[in-house]
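Colleague: Based on what follows, work out the 3D shape:
(chains A and B)
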Amino acid sequence: KAGVTQTPRYLIKTRGQQVTLSCSPISGHRSVSWYQQTPGQGLQFLFEYFSETQRNKGNFPGRFSGRQFSNSRSEMNVSTLELGDSALYLCASSLVGMVGEKLFFGSGTQLSVL
Amino acid sequence: AQTVTQSQPEMSVQEAETVTLSCTYDTSESDYYLFWYKQPPSRQMILVIRQEAYKQQNATENRFSVNFQKAAKSFSLKISDSQLGDAAMYFCAYRSALDEKLTFGTGTRLTIIP
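Modeller: Residues are numbered from 1 along each chain as shown, chains lettered A, B, ... in the order given. Just a heads-up that it's a prediction; the model follows:
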C-alpha cells in the first residue's frame, strides 16, 4: 500500500505570492490533517478534513485554507505569503480521524518564502 | 489550552544501552491520548507508541515502553537496546478527546553513539 504522498517536496516563493500544497492520503483513509513545522514554533496543527468537510482548525490566520476532494486528496493554500510562512508543511492521514487513531505522515513540503 | 513540555532538547546514548526521554503535559481534561512520534532525517513522522489516558497499564511496543504517570502528568519514553536506527527527533504529543487537536512538544534530538 502506498504511503502518504505530498507534492512538491520543495517550493520557493516570494512574499505576496500564493501557494498550493497537495497531499494524497493512504488508500481508504478519509481523514487528512495538516501541520506546520518551524524551528521557532515547532509543530502546530493547521486543520483537519474528513469526507470533504473541515472538522477542526488550529489558530492560524485566514490566509491559510484547505480543502478535501471526494477521493480524500487534500490541498492547502496559503495566500499573500509572508517570510514567517517558511516552514515544513506535513500532512497526515488516518482511517476516520478518531482521537486515538494512528496518524500516517508524509515527508512534507519544505516551503521557503524569500 | 494544553501544553506539552520536553525538557531535554538533546540526548545521547551508547548503542545497546537504555535511554529515557521525558515529557510532561498540562491539561484539565480526563479523556485524552498521548503519543510519541519519531522524525528521522527523512522528515516523515512515525508513530512509536500511544497511550490512552484511561488505561493504567503502560504501553509497550517491542524495545519501546512508556512510564505513564497520570496524576503527575508525565509520559516518558524508554528505549531499550538502543540501535543506530533509533537516532532521530522524538516528539511527545497530546490529543484531546474534547477538541481533538493534536499538540506537540518541542522535541528531543536523540543521538546514538556506536
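
Colleague: contacts, neighbours, all on C-alpha from now
Modeller: Noted.

Colleague: Near chain B, which residues of chain A are found?
Modeller: A:42-45, A:56, A:58, A:99-100, A:102-108 (CA under 8 Å from any CA of the partner chain).

Colleague: hmm, try it at 10 Å
Modeller: Listed as neighbours of chain B in chain A under the rule CA under 10 Å from any CA of the partner chain: A:4, A:33, A:35, A:39-48, A:55-58, A:88, A:90-92, A:97-110.

Colleague: ranges for the strands of the chain?
Modeller: Defaulting to chain A. Applying DSSP state E to chain A gives strands spanning A:5-7, A:10-13, A:19-24, A:31-38, A:42-50, A:53-57, A:64-68, A:74-78, A:87-94, A:104-105, A:109-113.

Colleague: my bad, the chain I had in mind was chain B
Modeller: With strands called from DSSP E, chain B shows them at B:3-5, B:10-14, B:19-21, B:24-26, B:32-39, B:46-52, B:60-61, B:64-69, B:74-79, B:88-96, B:102-104, B:108-113.

Colleague: Buried ones only from the residues of chain A next to chain B, please, as a PyMOL command.
Modeller: Filtering the residues of chain A next to chain B down to the buried ones (16 or more other CA atoms under 10 Å in any protein chain shown) takes a single PyMOL command:
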select buried, chain A and resi 4+33+35+43+44+45+46+47+48+57+88+90+91+92+97+99+100+102+103+104+105+106+107+108+109+110
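
Colleague: Skipping its backbone neighbours, what lies nearest the residue in chain A positioned nearest to chain B in space?
Modeller: Closest residue of chain A to chain B, CA to the nearest CA: residue A:107 (4.3 Å). Excluding its sequence neighbours, the residue lying closest to residue A:107 (CA to CA, 6 or more residues apart in numbering or on different chains) is residue B:44, at 4.3 Å.
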